[in-house]
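Participant: Need a 3D model of the following:
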Amino acid sequence: VSTQSTWAIPREIARDTIAKAFVQHTCASFRLGRYHLEYIPKLFGLAVTVPGLSAIVENEAAELPAWLFLKWLPQIIYMVNLSAGERLMRTVLTRLLESYPQAVVYLLQVTFDPLYSTSFLVTKNRVVEEVKDRLDKMILHKTFIEALNGLVHPEHRAIFWLEYLEKSLMSKEAHVTPEFLQYWTDRMYDDVLRQDKLYVRRKIGSYNDKFARDQLAALERMFGPRLQRIWQSHERGKVADDLKKARDKLSEDSRKLQEGKIDLGKFSEWLQTFDGGTLDDGLEVPGQYTGQAEPLTRSHVRIASFDSSVLTLGSMRRPKRLSIFGDNEKTYMFLVKGCEDLRLDQRIEQLFEVMNDVMRADPECFRRSLSCTTYTVIPMTKLLGILEWVPNTVPLLELIIDDLHERRILPNEAKLFGLQVFRERSKIQDKVLEMNAEALVSSFRQHVAMTPGDTLRRSLERMAFSSDAYLQLRNQFIRQYAIICITGYLLGIGDRHLENFLVKKTNGSIIAIDFGYSFGAAISLKFPELMPFRLTNIFETICLPLGIEGLFRFSMLTALSALRERKHIVLDCCEIFIHDPLLEWISKARSITSSVVVGSHHSQRRNNNQSSDPRESSLEFQDVRWYPEAKIKVVRKKLLGFKSSTIMIGELSEIPRHKREKYYPTLKMAIEGGRDSYRYQLGERPLEVAEQVDCLIDHARDPNCIGRAWVGWAPFI
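Facilitator: As a prediction, the model looks like this:
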């Protein structure tokens, strides 16, 4: 028998055999107490895709400690609607709801929210019905969620629903029936216009009460009783125009909303009068289940009450900082955000945690304490969530402004935009995309020279009590920023302006926040970000005297080496984006799909995706599956070592707003780099780790790329 015929095993048989061996051996190690938690997503994924494995994993799941599944619940919860994983999910969810109901209640609320679904009803199967019955009995938690939703300004909630209904009316999709429109109109009515809520009853706060009363009268004048014209009218275009008029009026009003401290009772009397001491079980302070060890629920902190005021921030949707008083006499602060899908932030933070686990398991990374600081994100619905407020931190922008004030470069009380360099740069902002490399680099270097490069160094010096303390702060800052850069690059995190970094005043740690532009989304901005991460003047200066090639490069190289070696763990964690796509991704994918002609490459992608994978055939969102798959494919390329410039050009070519413009070839050449640049000379091949790091640094510090950024990004600082 020839060698070729000996090894000619059918691919399907080989895959299934390997998968079965992996499941059996992993389960055996679990039974022996060797909990390789990073394998759980793959274990469950194989259970619903490979015939015969579901029963094996189901039997093991019934015997394993329930807490093992907590960390990876977002990765496995999507299986609740799959027939292939029905029995397995019943086993897991039943055990979790019995042992740790407060750990899963919020995630399940998100899972069963039909928002952005093509149906307004949750998929019906026995597992879903059983779990929903259990959730319906958790009245206290549902009341808590409803009360937190009241902290979101009703103007912003109304704007969201009006826009959602407007887009639905203009949609040509078959699922937008009168019943569909009535369901979501009623949802808006209950959320914004109803004064007697389902759970908090009339304790909605004076501000919400007045808004509901005033807007109900105004909207019923436009759309009739219970807004029935929205779903009953045959003139959908005219109704959509009226919805837009109502939305525009509210958008104008929302710009005048108050900032600063506000009485909690104005937005929620229920929270204001809450007394945890009168409850037998009570509400746990959110965020106490890490999934790293068995939870000791008896020692978990319960909510005693809430501070009488909330701090309203000045960003667009006016998020509010809520202070929770625990029964241990400590205060826990959270940022309440509404009208946003916080699952993206939650998943990014989880990916950071996974990468931290990989780095902790690597001897070189562990010895150098390489990791990124994370914080808790808890989505409560698809439009509401809370984020852990990180104490003793200050935005990087604030540090820069304080130093400029102290040096009298910027007048007292003036914002950063008061610098002359912003006025100079604004004059050419509309031309930066089409300017040739020589003119742009010359102009950019003049702007860099107008701002001091040592503002960050001086800020860290003021935090330190001695020169030794400064060196520790500085080294901690550089190491952590290197990790933020490499992990952010792998996940395509953009929009890294100076307000999207927090600096911890106690040890110099830097924390990345706000991941709205992730997985390459920043390339689609009006002024696309052409850099893999932020490496501007102040970051180069803080690394002196050795420069970027010293501690920064070495930390990045060490971390990337570990992450590439165990890339399968990161990619397994990313699969959730495919099986449970984000609201924004669903919207974008459907928008792109509807705008291309039949037979285009997007249609071909969808045809190619119609495989025998049970996860895919059971998914309601299979028509948009190609979009998250393309995003995760980019992450895989980065972990395989492909050139950052090659990957970015591929992403830019997928953006119609840029590809059809005259400046597109100029942007493409800027990303490729000049013929004498390091990245240009590497050619098109997977790179070694050191080559990839040097390519990234060369790309990130290229003035021909940095100089084309939006002026508000402050590329010259």
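Participant: Low-confidence ranges, this protein, go.
Facilitator: 1-13, 80-84, 116-124, 583, 593-623 (pLDDT under 70).
Participant: And the strands in it, which stretches?
Facilitator: Under the criterion DSSP state E, strands of the chain are mapped to 260-263, 303-306, 309-312, 320-326, 331-338, 377-381, 384-388, 393-395, 501-504, 510-512.
Participant: Which of those strands sits closest to residue 286?
Facilitator: For those, the distance to residue 286 is smallest for strand 377-381, at 5.0 Å, taking CB to CB. Where you see a C-beta, it was placed from the backbone N, CA and C, and this is true even at glycine.
Participant: Pull up the pairing partners for that closest one, direction included.
Facilitator: Strand 377-381 has the following strand partners under DSSP bridges: strand 384-388 (antiparallel).
Participant: Extract the C-alpha set from the partner strand and format it as PDB.
Facilitator: This file holds the C-alpha atoms of strand 384-388, laid out as PDB (Å, rounded to 0.1, in the frame of the first residue of the first chain):
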ATOM      1  CA  LEU A 384     -29.300  49.500  28.600                       C
ATOM      2  CA  GLY A 385     -26.300  48.600  30.700                       C
ATOM      3  CA  ILE A 386     -23.900  49.600  33.400                       C
ATOM      4  CA  LEU A 387     -20.100  50.000  33.500                       C
ATOM      5  CA  GLU A 388     -17.900  49.800  36.500                       C
END
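Participant: what does it rub up against?
Facilitator: Strand 384-388 is contacted by residues 145, 148-149, 152, 286-287, 322, 333-338, 340, 342, 345-346, 375-380 when judged by CB atoms under 8 Å, 6 or more residues apart in numbering.
Participant: got it, and stretch 432-449?
Facilitator: 421, 424-425, 428, 527, 537, 661-663, 666-667, 669-670, 674, 703-704, 706-709, 715-716.
Participant: try 6 Å
Facilitator: Stretch 432-449 is contacted from outside by 421, 425, 537, 663, 666, 703-704, 707-708, 716, using CB atoms under 6 Å, 6 or more residues apart in numbering.
Participant: Only the buried residues of it, if you could.
Facilitator: The neighbour-count check on stretch 432-449 (16 or more other CB atoms under 10 Å) flags 432-433, 435, 437, 440-441, 443-444, 447-448 as buried.
Participant: ok, those vs residue 484, which is closest?
Facilitator: Nearest to residue 484 among the buried residues of stretch 432-449: residue 448, at 22.1 Å, using CB to CB.
Participant: how far away is that closest one from residue 540?
Facilitator: 10 Å (CB to CB, to the nearest Å).
Participant: what's the answer for residue 486, then?
Facilitator: 17 Å.
Participant: a markdown table for the buried residues of stretch 432-449, including distance to residue 521?
Facilitator: Formatted as a markdown table, those follow (distance: CB to CB, whole Å):
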| residue | distance to residue 521 |
| --- | --- |
| 432 | 20 |
| 433 | 18 |
| 435 | 24 |
| 437 | 26 |
| 440 | 24 |
| 441 | 27 |
| 443 | 27 |
| 444 | 24 |
| 447 | 26 |
| 448 | 27 |
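Participant: Tell me which two in the residues you listed are the farthest apart.
Facilitator: 433 and 448 (19.1 Å).
Participant: quick one: the helices in the stretch 451-600 of the chain?
Facilitator: With helices called from DSSP state H, counting those that start in this stretch, the stretch 451-600 of the chain shows them at 455-463, 467-490, 537-542, 551-565, 567-574, 576-579, 583-595.
Participant: Next, the buried residues of the second one.
Facilitator: So the one you mean is helix 467-490. In helix 467-490, counting by 16+ other CB under 10 Å, buried: 470, 473-474, 476-490.
Participant: same question, the first one
Facilitator: Using 16+ other CB under 10 Å as the burial criterion, the residues of helix 455-463 that qualify are 455-460, 463.
Participant: what comes into contact with that helix?
Facilitator: 399-400, 403, 470, 473-474, 505, 538, 541-542.
Participant: Ends of stretch 286-301, what's the gap?
Facilitator: End-to-end distance for stretch 286-301, by CA to CA, to the nearest Å: 9 Å.
Participant: who's in contact with residue 484?
Facilitator: Residue 484 sits in contact with 372, 512, where contact means CB under 6 Å, 6+ apart.
Participant: Look up how far residue 509 lies from it.
Facilitator: Residue 484 is 10 Å from residue 509, by CB to CB.
Participant: again with residue 574
Facilitator: 26 Å.
Participant: can you check residue 287 too?
Facilitator: 19 Å.
Participant: Have a look at the two and say which one is more surrounded.
Facilitator: residue 509 (21 against 16; other CB atoms under 10 Å).
Participant: Show the contacting residues for that one.
Facilitator: Counting by CB under 6 Å, 6+ apart, residue 509 makes contact with 373, 480.
Participant: Check the gap between it and residue 454 for me.
Facilitator: On the measure of CB to CB, residue 509 and residue 454 end up 20 Å apart.
Participant: Repeat that for residue 206.
Facilitator: 50 Å.
Participant: swap in residue 282?
Facilitator: 51 Å.
Participant: Could you report the neighbour count for residue 218?
Facilitator: By the criterion of other CB under 10 Å, residue 218 has 12 neighbours.
Participant: now swap in the one 5 residues further on and tell me
Facilitator: Residue 223 sits with 21 neighbouring residues when counted by other CB under 10 Å.
Participant: Quick check, it in contact with residue 231.
Facilitator: No. At 9.6 Å, residue 223 does not count as touching residue 231 under the criterion of CB atoms under 6 Å.
Participant: which residues does residue 479 contact?
Facilitator: Per CB under 6 Å, 6+ apart, neighbours of residue 479: residue 555.
Participant: returning to what we had before: in JSON lines: the strands of the chain, plus mean neighbour count and distance to residue 237.
Facilitator: Below are these laid out as JSON lines (neighbours: other CB atoms under 10 Å; distance: least, CB to CB, whole Å):
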{"stretch": "strand 260-263", "mean neighbour count": "14", "distance to residue 237": "39"}
{"stretch": "strand 303-306", "mean neighbour count": "19", "distance to residue 237": "45"}
{"stretch": "strand 309-312", "mean neighbour count": "19", "distance to residue 237": "37"}
{"stretch": "strand 320-326", "mean neighbour count": "20", "distance to residue 237": "37"}
{"stretch": "strand 331-338", "mean neighbour count": "19", "distance to residue 237": "29"}
{"stretch": "strand 377-381", "mean neighbour count": "22", "distance to residue 237": "30"}
{"stretch": "strand 384-388", "mean neighbour count": "23", "distance to residue 237": "31"}
{"stretch": "strand 393-395", "mean neighbour count": "17", "distance to residue 237": "44"}
{"stretch": "strand 501-504", "mean neighbour count": "21", "distance to residue 237": "45"}
{"stretch": "strand 510-512", "mean neighbour count": "21", "distance to residue 237": "43"}
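Participant: out of those strands, nearest to residue 107?
Facilitator: Closest to residue 107 of these, according to CB to CB: strand 377-381, at 7.4 Å.
Participant: so how far is that closest one from its chain's centroid?
Facilitator: 11 Å (CA atoms, centre = their mean, to the nearest Å).
Participant: Just want the angle from it to strand 331-338.
Facilitator: Angle, strand 377-381 to strand 331-338, by axes from the mean of the first three to the mean of the last three CA atoms, to 10 degrees: 50 degrees.
Participant: just use 35 as the starting number from now, easier for me
Facilitator: In the new numbering, first residue 35, that becomes strand 411-415.
Participant: Same list, the strands of the chain, but as JSON lines with distance to residue 75 please.
Facilitator: Listed next are the strands of the chain as JSON lines, based on distance: least, CB to CB, whole Å:
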{"stretch": "strand 294-297", "distance to residue 75": "42"}
{"stretch": "strand 337-340", "distance to residue 75": "32"}
{"stretch": "strand 343-346", "distance to residue 75": "37"}
{"stretch": "strand 354-360", "distance to residue 75": "31"}
{"stretch": "strand 365-372", "distance to residue 75": "27"}
{"stretch": "strand 411-415", "distance to residue 75": "19"}
{"stretch": "strand 418-422", "distance to residue 75": "22"}
{"stretch": "strand 427-429", "distance to residue 75": "31"}
{"stretch": "strand 535-538", "distance to residue 75": "29"}
{"stretch": "strand 544-546", "distance to residue 75": "24"}
